[in-house]
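Student: Sharing a sequence plus its predicted fold:
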Amino acid sequence: MCSLSALSAGKRWGLVLGAVFVGLIAAVLVCEAPGWPFLVGPLQHKLASALDRKIDFGSDTQAVQIRLLGSVRVRAARKRANQSSSSRD
């Protein structure tokens, strides 16, 4: 087994970049498994401002799952989008 100091600079950078890539893939998979629970609040606020409506996925954010791999999907026991403020006139 050769030590890291015996490798050339190019091979060391390749190993470092490979390790960073594997770490990023692992982080995405770890977040995708529970459904990105820390993104529930920001997603509700972003959708509400973009659609000019009140968006509510329910009071229990643990029951909400956001899936980002493949296509974007939101699974929640309740999804509510109230009427926009401009259409109430």
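Tutor: Ah, there it is. Numbers count the residues shown, from 1 in each chain.
Student: mind checking how far Phe21 is from Gln83?
Tutor: Going from Phe21 to Gln83 by C-beta to C-beta, to the nearest Å gives 46 Å. C-betas here are computed from N, CA, C, even on glycine.
Student: The residue at minimal distance from the centre of the chain: what's it in contact with?
Tutor: In the chain, the centroid-proximal residue (C-alpha atoms, centre = their mean) is Trp36; its distance is 5.0 Å. Neighbouring residues of Trp36 by C-beta atoms under 8 Å, 6 or more residues apart in numbering: Gln65, Ile66, Arg67, Leu68.
Student: before we move on, what about Gly35?
Tutor: Taking C-beta under 8 Å, 6+ apart, one finds Val64, Gln65, Ile66, Arg67, Arg75 in contact with Gly35.
Student: Return the closest of the residues you listed with respect to Leu15.
Tutor: Among the contacts of Gly35, Arg67 lies closest to Leu15 (C-beta to C-beta), at 32.2 Å.
Student: Tell me the pLDDT of the residue nearest to the closest one when sequence neighbours are not counted.
Tutor: Nearest non-adjacent residue to Arg67, counting by C-beta to C-beta, 6 or more residues apart in numbering: Arg73, 4.3 Å away. pLDDT, Arg73: 94.
Student: isn't Arg73 right up against Ile66?
Tutor: Yes - using C-beta atoms under 8 Å, Arg73 is in contact with Ile66, at 7.4 Å.
Student: between those two, who's got more neighbours?
Tutor: Shown here are Arg73 and Ile66; by other C-beta atoms under 10 Å, Ile66 has more neighbours (20 against 11).
Student: Would you double-check that that one falls in a strand?
Tutor: Yes - per DSSP: H, G, I helix; E, B strand; the rest coil, Ile66 lies within a strand segment.
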